[in-house]
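Q: let's see this in three dimensions:
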Amino acid sequence: MCEITGLSQRRACRLAGLSLSTCRYSVQRPAADAQLSLRITELALERRRFGYRRIWQLLRREGLHVNHKRVYRIYHLNGLGVKRRRRRKGLATERLPLLRPDAPNLTWSMDFVMDALSSGRRIKCLTCVDDFTKECLTITAAFGISGVQVARILDGLALFRGYPATIRTDQGPEFTSRALEQWAFEHGVELRLIQPGKPTQNGFIESFNGRFRDECLNEHWFSDILHARKIINDWRQDYNESRPHSSLNYQTPLEFAACWRNGKHEEKPTDITN
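A: Residues are numbered from 1 along each chain as shown. I've put the predicted structure just below:
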């Protein structure tokens, strides 16, 4: 206004009914904000698919107890907002509730996630999570995984955790194979198959797979199968040990499992959105 009309700031403020101090006021941010901004930027660049709430939780774990609104302001002022990847629209269907079990090892969920190496060769990742603790029990990457191999992988998990009461899967050929049916019969495990074309009936693993693809597969370029296995295993370890989980009150899966074993578990409404 002053540049256009040629008026002084004092004259322009008087005509507009504003205080001159209001016009000349500039926000003075404390030096602590600069350090906090730097740390938020470092965490956001290190974990590019984390939103401000998980960044806030990571700061709290480091001993920086700041208000989440302050983190939100700095996070967006620095242009660190996560860009949402657009999803293909499907037909609108009624969403059925998926009940979460009351203890570990009652229900596991399994599925396959497909990806490719830099050479273009396809790889297959078997994912398995405990529906109660949200622990990722395995992500096995290979060029091909049969029903026999799935049974062997589950036997390996059972050495450390015991056998689950139920395993929920889709109706893929590996999960409906005679080898896996025989394995389930021998160990008293119920194989619960969802309806074809109804991935929401296996929502826990579908939610996990979305995070796995978003935070791991889409963020790396695998030169060979050994490279893929190392990156995937590192991500799985970080997911279980370091990644705050919103449906676990921002505990990690291992922290939540430890609290449950120690009798410190607090019931929280089921959330399958991670």
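Q: low pLDDT regions in the stretch 51-200 of the chain?
A: Across the stretch 51-200 of the chain, the ranges flagged by pLDDT under 70 are 83-97.
Q: can you pull out the strands in it?
A: Using DSSP state E, counting those that start in this stretch, the strands assigned to the stretch 51-200 of the chain run over residues 107-116, 122-130, 136-142, 166-169, 190-193.
Q: how far does the third one sit from the chain's center?
A: The reference is to strand 136-142. Mean C-alpha position of strand 136-142 versus that of the full chain (C-alpha atoms, centre = their mean, to the nearest Å) differs by 16 Å.
Q: what does that strand rub up against?
A: Here strand 136-142 makes contact (C-beta atoms under 8 Å, 6 or more residues apart in numbering) with 108, 123-130, 149, 153, 156-157, 161, 208, 212, 225, 228-229, 232-233, 235-236, 239-240, 253. All C-beta atoms are positioned from the backbone trio N, CA, C, and that covers glycine.
Q: tilt between it and strand 107-116?
A: Comparing the axes of strand 136-142 and strand 107-116 via axes from the mean of the first three to the mean of the last three C-alpha atoms, to 10 degrees yields an angle of 30 degrees.
Q: partner strands of strand 136-142, with direction?
A: Under the criterion DSSP bridges, strand 136-142 sits next to strand 122-130 (antiparallel) in its sheet.
Q: the fourth one now?
A: Taking DSSP bridges as the criterion, strand 166-169 pairs within the sheet with strand 107-116 (parallel), strand 190-193 (parallel).
Q: dump the first one to CSV, restricted to CA.
A: Extracted in CSV, the C-alpha atoms of strand 107-116 (Å, rounded to 0.1, in the frame of the first residue of the first chain):
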residue,chain,number,x,y,z
THR,A,107,-4.3,-65.2,15.3
TRP,A,108,-1.6,-64.6,12.7
SER,A,109,-2.2,-63.0,9.3
MET,A,110,-0.2,-63.9,6.2
ASP,A,111,0.0,-62.6,2.7
PHE,A,112,2.3,-62.1,-0.3
VAL,A,113,3.7,-58.9,-1.6
MET,A,114,5.3,-58.7,-5.0
ASP,A,115,8.2,-56.5,-6.1
ALA,A,116,11.1,-56.6,-8.6
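Q: which of the residues in that strand are classified as buried?
A: For strand 107-116, burial by neighbour count (16 or more other C-beta atoms under 10 Å) applies to 107-113, 115.
Q: and the contacts of strand 136-142, which of them are buried?
A: Among the contacts of strand 136-142, those buried by neighbour count (16+ other C-beta under 10 Å) are 108, 123, 125-130, 149, 153, 157, 208, 212, 228-229, 232, 235-236, 239-240, 253.
Q: quick one: closest of the strands of the stretch 51-200 of the chain to Leu38.
A: In terms of C-beta to C-beta, the element of the strands of the stretch 51-200 of the chain nearest to Leu38 is strand 136-142, at 31.4 Å.
Q: just the C-alpha atoms of the closest one, please, in PDB.
A: Extracted C-alpha coordinates of strand 136-142, given in PDB (Å, rounded to 0.1, in the frame of the first residue of the first chain):
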ATOM      1  CA  CYS A 136       6.100 -58.600  12.100                       C
ATOM      2  CA  LEU A 137       7.100 -62.300  12.500                       C
ATOM      3  CA  THR A 138       8.700 -62.700   9.100                       C
ATOM      4  CA  ILE A 139       9.200 -61.100   5.700                       C
ATOM      5  CA  THR A 140      10.700 -63.900   3.600                       C
ATOM      6  CA  ALA A 141      11.900 -62.700   0.200                       C
ATOM      7  CA  ALA A 142      12.500 -65.200  -2.600                       C
END
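Q: mind listing what's buried in it?
A: 136-141.
Q: in the stretch 151-274 of the chain, which spans are helices?
A: 178-187, 203-215, 225-241, 253-261 (DSSP state H, counting those that start in this stretch).
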